[in-house]
Each structure stands twice: as C-alpha cells, then as structure tokens.
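K.L.:
Fold the following for me, if possible:
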Amino acid sequence: MSATVTTDRPGSPTLLDKLDEIVPAPLAQFDAFPKLHSSYKSRSESRGFLTIFVAFVAFLLVLNDLGEYIWGWPDHEFSVDTDMANDMNVNVDLVVNMPCQYLSVDLRDAVGDRLYLSDGFRRDGTLFDVGQATALKEHAEALSARQAISQSRKSRGFFTTLFRRSTSEYRPTYNYQSDGSACRVYGTIPVKKVTANLHITTLGHGYVSAQHVDHRLMNLSHVITEFSFGPYFPEITQPLDNSFELTDQSFVAYQYFLHVVPTTYIAPRSKPLNTHQYSVTHYTRVLEHNRGVPGIFFKFDLDPMSLTIHQRTTSLLQFLIRCVGVVGGVFVCMGYAVKITSRAVDVVSGADRQQGLVAAEATGVGASIRKKWGGGELRSRVVSQRDIFKRIVAASEPIPQWQQFAHAFAQP
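P.N.:
Residues are numbered from 1 along each chain as shown. This is a model prediction of the structure:
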C-alpha cells in the first residue's frame, strides 16, 4: 500500500494569489499604510522589552487618571460663616476605667443652660483593655482609609444601592458586662452652637451629689474611639479619634480645648453635607486633694470662619480623553527618545546612515564600537564619482613586484 504525498510546486498558485486575482487591480494596489520590505528590516536585541516598559508606564498613568475619576481631589474654600442653624450634633464614644454608677456626664454652655446627660448618653458596662487602646491607635489610618472608600462609593450614587449595608451607627460594646469595672459612654446629642463644656466627673467631686465615690475607686484612664461634631466625610479632621490616656492617680484632670470650624462637604452628584471639624489642645494635670476637680473636660469654641470642601472629579468623557492622550503621548515621547538615542549611538560609533554605496565595516577601535552598538551591520557611505573612478583604475593596474615583496615581508 503506497501513500501519496502531495507537494506544492514552486509555480503553483497559492490561496492568497487566487484572492489577489479576484480583487480588482486598483483595489489590490491601494495601500493606506505602505510596508517596508523585510530585507530592509533588522530585529533589535532588546526585542519587545521596550514596548512592555512603555505599556507599563502608560498603565500607571491611566491608573492615576482612574483614581481621579473615582475618588477625585479636594478643593478648599474659606469664607465667613453665614449658617443660621442653632444646633449641632456632638458624637461621643469613649470608655472610662470606672463603673458607670460612679460617673456623671454634664454639659454647660455659654447661655447658662446645664444638661444632665447621664441619661442622654448610653452607658454600657465593659472591661478596660489597654491592649485594645493600643490597637485602636495603631489601626487608625486603616480605619480612616475604609471610611474614605465607603464615602466615595456613596458619592457615586450607583454604589449606594449596590454596597448598602444595614448597620447601626455605633458598634456593639466590646467585652460587654452589665456590672463591668469600666464604662462605655456613647451616643449623639444636639447642642446649641455656642461655647460649651462637656464634663465627665465622678459623683461627689465637682457637682453636688448625694453619693461620694471612694478615692480608691477613682481612675479616669480613658479611651476615645470617636469625638466629633456632625456626620463623617473623607479626610475629615478629628484629632481625638482613637486616642487614649492612662494614669494610676486618683485625682487627675484631663482638659481638651477644641476649636470647631463649620465645614460643608460637597461630593459629586450628591447634596452638600454640613458638618464640623476641629483642632484640639490637650492638658493633663495631677491634682491634690481638695485642690481641684478631677474629671475629663471638653471645652469647644466655634470659629466665625467656615470651610467648604468640593470633591472634584473628572467626567467620563474627560477620563476617556485623558486616557487616550496619556497613552498616545507616552508612545510618541518614547519614539522620540529612541530616535535621539539611536542618533547619539551612531555619532559615538562613527556610523553613517546617509545614502550612497554600501561599504564593509573598517577595522580598529571604531569597528569594535560599531560592532557593539550597531550590531555589526553594513553601513552606507557617500562616495563621489572621482573616488569610484580612482578605485576602479587602482584595481585594474598590476602591482609591481617590489610592492608585492614589501607587502609579504611586512606580514607576520
């Protein structure tokens, strides 16, 4: 049984030749992008490394534009506060190293009103964990980053429904115990927009009370998880968040002086968010018995200036235009860089790319440089007609015998 092997003869037409015959001649000769013949091409030693590098740079720049499209950048404006609102919310979440039954929470403002807030805030028994306080401070930046990402999703509108989570405003109490040795005080209360003092003291010290706490049970070490005015937004300044103070003294006064700045945050495609930021100055003082009131004191003053933060972002059309411009600009700039580098290598190596006769590489130092940087290719050189004629005549004339003898004697 014999097998038949079919081979294409050199003269037999291929499939591409048959397609070329079907296409009309004017259309077959048309070429919008002229091609260079393969004999005039040479593959570089770097292969596709330069292309991969340029694509990687363009990818990083596109990521930067994508970040500006999703998260944007803040734009700050200062002005005189003209808000006529009378109230603002105070958000408090802290743990004091004393049982809840021995603590008193009060607020007194510049108008003269005194609010007894022991029942206004929620108070849960817990355990005072120093390790938890340290962990809060170490992870403060990570918490802020997650809050910023969450707020950026809300500002997009579409992500509000997609990433909606049914969670309470305050997290459950850590190590909850009804009769715990520490007390978590947390909640949100509306107060007047005037200078005020928020006091956390022990019963029988500071304010008149029927109960007097034993000095051995007094320890005002505390962890502040949150202390803010109004709702949260990305990059808000809340210096007291995730801070703590530790002491082994019974009579200690912690004083926090806060300067509150009304702030309006305007995110893309969302309503303005009215809130407040603040700066704080902190003092700690150890007291003698009957020489002061031990406690945790927050005094806040409102500044007459207001801050407006616009979260600017690019539109979808602007994002696409910037991406196209970045990608095209990177490749064009890299093309110019390659041309300048190639020209510099030719100048250093002595290679000549002008039109003319093709001559072989010369020997010596210049040849080694050209071999290293130019790939050992043939380079074209300009030769005049007179030089051509001289070379032809010199090649046709016979060489005298004495020159042949001298040439043979000079060789090693």
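
K.L.:
Got the phi and psi for His332?
P.N.:
No His there; residue 332 is Val. For Val332, the backbone dihedrals (degrees, to the nearest 10) come out as phi -70, psi -50.

K.L.:
my bad, should have said Ile340
P.N.:
phi -70, psi -40.

K.L.:
Now do it against Arg184, distance only.
P.N.:
Ile340 is 67 Å from Arg184, where distance means CB to CB, to the nearest Å. C-betas here are computed from N, CA, C, even on glycine.

K.L.:
what does Leu60 give?
P.N.:
Remark: distance between Leu60 and Arg184 (CB to CB) = 46 Å.

K.L.:
Which other helices and strands does the helix or strand where Arg343 lies contact?
P.N.:
Per DSSP states H and E, Arg343 falls inside helix 316-349. Judged by 3 or more CB pairs under 8 Å, 6 or more residues apart in numbering; DSSP states H and E, the packing partners of helix 316-349 are helix 49-70, helix 365-374.

K.L.:
which stretch in those helices has the least confidence?
P.N.:
The minimum mean pLDDT among the helices and strands packed on helix 316-349 belongs to helix 365-374 (a mean of 48).

K.L.:
quick one on the thing from earlier: which one of Ile340 and Arg184 has more residues nearby?
P.N.:
Taking other CB atoms under 10 Å, Ile340 and Arg184 do not tie; Arg184 has more neighbours (24 against 10).

K.L.:
Quick one: the strands in the stretch 201-350 of the chain, in order.
P.N.:
All strands of the stretch 201-350 of the chain, identified by DSSP state E, counting those that start in this stretch, fall at 222-229, 243-245, 252-266, 273-286, 295-302, 305-312.

K.L.:
quick one, the fifth one and strand 222-229 angle?
P.N.:
What it means is strand 295-302. With axes from the mean of the first three to the mean of the last three CA atoms, to 10 degrees applied, the angle from strand 295-302 to strand 222-229 works out at 20 degrees.

K.L.:
Pull out the buried positions in strand 295-302.
P.N.:
With burial defined by 16 or more other CB atoms under 10 Å, the residues of strand 295-302 counted as buried are Gly295, Ile296, Phe297, Phe298, Phe300, Leu302.

K.L.:
Ignoring the adjacent residues along the chain, who's closest to the second one?
P.N.:
Okay, so that is Ile296. Spatially, and ignoring its direct neighbours in sequence, Ile296 is nearest to Ile200 (4.2 Å; CB to CB, 6 or more residues apart in numbering).
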